[in-house]
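Student: Just to be clear, the model below is a prediction. Sequence and coordinates:
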Amino acid sequence: MQNIPTVTRNLLLINIIAFIAQYIFRGMGVELDAIFGLHFFLASHFSLYQLITYMFLHGGFTHLFFNMFALWMFGCVIERVWGPRKFLFYYILCGVGAGLTQEIAQFVELFVMNPQLSFADAFHLPADAADTLNLWRTIGASGAVYAILLAFGMTFPNERIFIFPLPVPIKAKWFVVFYAGVELFMALGSSNDGVAHTAHLGGMLFGYLLIRYWSKHPSYTYNINNGMGIFGRMRQNYEQYRNRSANMTVHKGGGAASDKTRTETDEEYNARKKAEQDIIDSILDKIRKSGYDSLTAEEKRRLFELSHKDD
């Protein structure tokens, strides 16, 4: 747990504690789902705070496990890329967005179930109908988690990941497209499986819009190098390379270093190192502003070579 970034770790703990509390209070005759779950906005039990609290409750161990596994697997990477504040803002906003999308879907469903109902009449339902609508309740972190999944796919689209039960790794972008397609199909179909597929799509939609906005307004907190370190440790290797260069003793007049013979002069060596440094700094600056995928094939090759090059 100590190696998990702060926000991701705390989100995992809060969800687990809330899940345990659900069972404890249920044994005392109190349903936390009915209080903190997201109700339909025309129901008598609806409250605004439920747009946040609903995403910390779950319907069972399997529901909790898969959401928390995905949060751990992808959230650790994205939090290191964006930083804790940006990651938490994204998670909460997309969770709220997923809830709002589910509310809209339920409002549409109200008219599908009652074709004679007018738009005005929907806001003046009798008390017994409003109580019946209290059964429309949404819980779970899935909307926010699907947004994290989308963020991973958009940040590292060509990173290959293993997904059970597929025997071969697939690129993250196709993984996201596949899941979005499944959710869309299930949302449009009449599966009645008790899963809020529309909320999942809503979380991804809000996440996409937010990422697109951030891509046009880059900030210093967006540091893709932190996430890239998980896959190739490129950044760490580069830092080690710089440290070795700084600590190496070069004899004047093109003499030998402490561990190898060099054929270039002191001035040539320093000029070469400065040129390589400028190239790497330029590439890293481009990554910070536009993301890793904005690099050309040549720039990616140069970054890899210079990050692993010995003196």
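Tutor: Sure thing, it's come through.

Student: So what's the gap between the helix or strand where L93 lies and the chain middle?
Tutor: Element membership for L93, per DSSP states H and E: helix 84-113. Distance of helix 84-113 from the chain centroid (C-alpha atoms, centre = their mean, to the nearest Å) equals 16 Å.

Student: What helices and strands are in contact with that helix?
Tutor: Contacts defined by 3 or more C-beta pairs under 8 Å, 6 or more residues apart in numbering; DSSP states H and E place helix 84-113 against helix 6-27, strand 38-39, helix 50-53, helix 61-82, helix 119-122, helix 142-155, helix 197-216. C-beta: built from backbone N, CA, C; applies to glycine.

Student: Among those, show me which one is buried the most.
Tutor: Of all the helices and strands packed on helix 84-113, strand 38-39 has the most neighbours on average by mean count of other C-beta atoms under 10 Å, namely a mean of 28.

Student: what pairs with that strand, and is each one parallel or antiparallel?
Tutor: Strand pairing for strand 38-39, using DSSP bridges, gives strand 137-138 (antiparallel).

Student: Would you map the strands across the stretch 151-300 of the chain?
Tutor: Secondary structure of the stretch 151-300 of the chain (DSSP state E, counting those that start in this stretch): strands located at 160-161, 170-171.

Student: Can you give the domain ranges for the chain?
Tutor: In terms of domains, the chain is parsed into 6-216, 233-308 (source: automatic domain parsing).

Student: re earlier: would you format the helices and strands packed on helix 84-113 as CSV with distance to L284 included?
Tutor: Shown next, in CSV, are the helices and strands packed on helix 84-113 (distance: least, C-beta to C-beta, whole Å):
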stretch, distance to L284
helix 6-27, 24
strand 38-39, 42
helix 50-53, 37
helix 61-82, 14
helix 119-122, 54
helix 142-155, 16
helix 197-216, 17
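
Student: T265: which of the ones you listed is closest?
Tutor: helix 61-82 (41.4 Å; C-beta to C-beta).

Student: what's that closest one packed up against?
Tutor: By 3+ C-beta pairs under 8 Å, 6+ apart, helix 61-82 packs against helix 6-27, helix 84-113, helix 142-155, helix 224-232.

Student: so L32 sits right up against Q22, yeah?
Tutor: Yes: the criterion here is C-beta atoms under 8 Å, and L32 meets it with Q22 at 5.0 Å.

Student: Now for those two: what residues contact both?
Tutor: The overlap between the contact sets of L32 and Q22 (C-beta atoms under 8 Å, 6 or more residues apart in numbering) consists of L57.

Student: any chance of the helices and strands packed on helix 61-82 in TSV, with distance to M186 and mean pLDDT too?
Tutor: Output for the helices and strands packed on helix 61-82, formatted as TSV (distance: least, C-beta to C-beta, whole Å; pLDDT from 0 to 100):
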stretch	distance to M186	mean pLDDT
helix 6-27	23	95
helix 84-113	12	91
helix 142-155	12	92
helix 224-232	30	50
